[in-house]
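Novice: Only the shape, not the letters, is given here:
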């Protein structure tokens with residue numbers, strides 16, 4: 001009787017070791033790809049900016065010679081797509097590898113416990129803190145946010161991670177300190193923290209209220225839970241959101257490798273084509289998207305307010321690489337645009353974009369995606385007001 005009992009007690013040891021090995025492999029993947037795609041290039045960029053204090057890149061809006069107000073064209077679309085891919089391809093590859101590792105190598109219950117220990121506020125803070133090392137633009141962080149959502153992370157943590165990557169990017173904050181007025185950095189940090197933490201909590205609260213209302217809806221049901229709400233790893237999720245197959249129990253190394261490759265292939269084949277298509281469309285129409293000049297804005301409070309609102313809305317649609325907002329806003333500042341417009345674009349241009357909305361829409365749900373977009377528009381207006389005051 002004693003020997004079988006000892007065998008039974010020792011069995012969990014190798015299984016836990018396998019889970020820990022998978023976790024450590026995922027960490028190595030994260031560190032290696034971020035060193036290659038982000039940390040080393042940005043370190044070199046900071047060194048250069050510290051010497052010159054001048055941003056050397058040009059606005060992606062004008063690539064291919066496209067002028068504000070220019071009609072859509074195939075040349076505008078393709079030239080923008082090529083320039084954008086040259087700027088972000090490393091980050092996109094890194095994002096896909098991190099996303100696959102997140103789903104295939106990290107146990108779902110470990111991830112949920114790490115991000116959702118104490119409710120919405122702690123989840124939003126954890127998601128925001130987790131976002132700062134990866135330093136990705138909104139589109140490149142979208143696949144990782146999808147993986148977090150499918151792995152059972154809460155709404156607050158997932159939204160905070162998605163918005164925190166571009167808004168709280170420490171490299172971009174340093175870039176702003178070196179090449180822009182100090183007020184820009186203050187606006188970016190203050191409004192960024194409020195948006196990532198408080199905004200993610202607000203969006204999560206609205207989403208949970210809607211789910212609660214759905215529970216009481218007549219005839220509503222889903223996965224054995226009322227109201228079309230499923231419970232996954234202790235978290236409520238809307239029915240229709242596919243949950244990742246990330247293991248909570250140990251699997252053989254061969255199975256883990258196959259799961260990683262399947263996840264990587266699926267995300268590449270599903271997310272990348274729609275991503276590139278939307279970027280192509282934005283490139284075609286970019287002449288119409290931000291035709292902001294001093295002549296167009298005019299003078300007087302009503303026109304400045306209207307221009308700030310328009311800039312906040314359009315900024316959520318446009319797609320830029322990391323730090324791409326800096327040359328755009330610097331160029332608009334030279335044209336004499338009011339601080340409200342500049343502050344709105346300082347927040348909305350990096351925070352979210354039409355391609356990133358398309359990528360997260362199915363995993364987040366379109367209502368949640370729309371709510372997050374509305375939040376970013378309001379954050380842009382707050383940024384405009386704060387920069388005007390400063």
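Specialist: Sure thing, it's come through. Values in this document were obtained by computation on a predicted structure and should not be read as measured data.

Novice: CA only for contacts and neighbour counts going forward, please
Specialist: Fine.

Novice: Can you give me the neighbour number for residue 332?
Specialist: Using other C-alpha atoms under 10 Å, residue 332 is surrounded by 17 other residues.

Novice: scratch that, residue 390
Specialist: Residue 390 has 11 neighbours, counted by other C-alpha under 10 Å.

Novice: same thing with residue 43?
Specialist: 13.

Novice: Can you tell me how far it is from residue 185?
Specialist: Residue 43 is 19 Å from residue 185, where distance means C-alpha to C-alpha, to the nearest Å.

Novice: does residue 357 belong to a helix or a strand, and which?
Specialist: helix 354-364 (DSSP states H and E).

Novice: Pull out the buried positions in that helix.
Specialist: Across helix 354-364, burial judged by 16 or more other C-alpha atoms under 10 Å covers 354, 355, 356, 357, 358, 359, 360, 361, 363, 364.

Novice: And the helices in the stretch 201-350 of the chain, which stretches?
Specialist: 253-289, 294-297, 301-317, 325-334, 339-351 (DSSP state H, counting those that start in this stretch).

Novice: deepest of the ones you listed, which one?
Specialist: helix 339-351 (a mean of 29; mean count of other C-alpha atoms under 10 Å).

Novice: where in the stretch 101-250 of the chain is pLDDT low?
Specialist: 210-250 (pLDDT under 70).

Novice: can you give me the strands for it?
Specialist: 221-222, 225-226, 229-232, 235-238 (DSSP state E, counting those that start in this stretch).

Novice: sorry, back to before: how about the buried residues of helix 354-364, which pair is most distant?
Specialist: Greatest spatial distance among the buried residues of helix 354-364 (C-alpha to C-alpha): 354 and 363, at 15.3 Å.

Novice: ok so, going back, output the buried residues of helix 354-364 in JSON lines, with pLDDT and distance to residue 117 appended to each entry.
Specialist: Output for the buried residues of helix 354-364, formatted as JSON lines (pLDDT from 0 to 100; distance: C-alpha to C-alpha, whole Å):
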{"residue": "354", "pLDDT": "94", "distance to residue 117": "32"}
{"residue": "355", "pLDDT": "94", "distance to residue 117": "31"}
{"residue": "356", "pLDDT": "95", "distance to residue 117": "28"}
{"residue": "357", "pLDDT": "95", "distance to residue 117": "27"}
{"residue": "358", "pLDDT": "93", "distance to residue 117": "30"}
{"residue": "359", "pLDDT": "92", "distance to residue 117": "27"}
{"residue": "360", "pLDDT": "93", "distance to residue 117": "24"}
{"residue": "361", "pLDDT": "91", "distance to residue 117": "26"}
{"residue": "363", "pLDDT": "88", "distance to residue 117": "22"}
{"residue": "364", "pLDDT": "90", "distance to residue 117": "21"}
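
Novice: and of those residues, the nearest to residue 139?
Specialist: Distances from residue 139 to the buried residues of helix 354-364, taken as C-alpha to C-alpha, are shortest for residue 356 (4.5 Å).

Novice: I'd say the closest one and residue 139 touch.
Specialist: Yes. Using C-alpha atoms under 8 Å, residue 356 is in contact with residue 139, at 4.5 Å.

Novice: any common contacting residues for the two?
Specialist: Overlap of the contact sets of residue 356 and residue 139 (by C-alpha atoms under 8 Å, 6 or more residues apart in numbering) is empty.

Novice: Could you tell me the least trusted of the helices of the stretch 201-350 of the chain?
Specialist: For these, the weakest mean pLDDT is recorded on helix 294-297, namely a mean of 57.

Novice: quick one: residue 312 from residue 110, how far?
Specialist: Counting by C-alpha to C-alpha, the gap from residue 312 to residue 110 is 38 Å.

Novice: can you tell me which residues contact the most centrally placed residue in the chain?
Specialist: Taking C-alpha atoms, centre = their mean, the centroid of the chain lies closest to residue 162, which sits 3.0 Å from it. Contacts for residue 162 (C-alpha under 8 Å, 6+ apart) come out as 131, 138, 141, 142, 145.

Novice: Tell me how many other residues crowd residue 54.
Specialist: As a burial measure, residue 54 scores 13 neighbours (other C-alpha under 10 Å).

Novice: On the three-state scheme, it is what?
Specialist: coil (DSSP: H, G, I helix; E, B strand; the rest coil).

Novice: Give me the nearest residue to it, chain neighbours excluded.
Specialist: residue 179 (5.5 Å; C-alpha to C-alpha, 6 or more residues apart in numbering).

Novice: Thanks a lot, catch you later.
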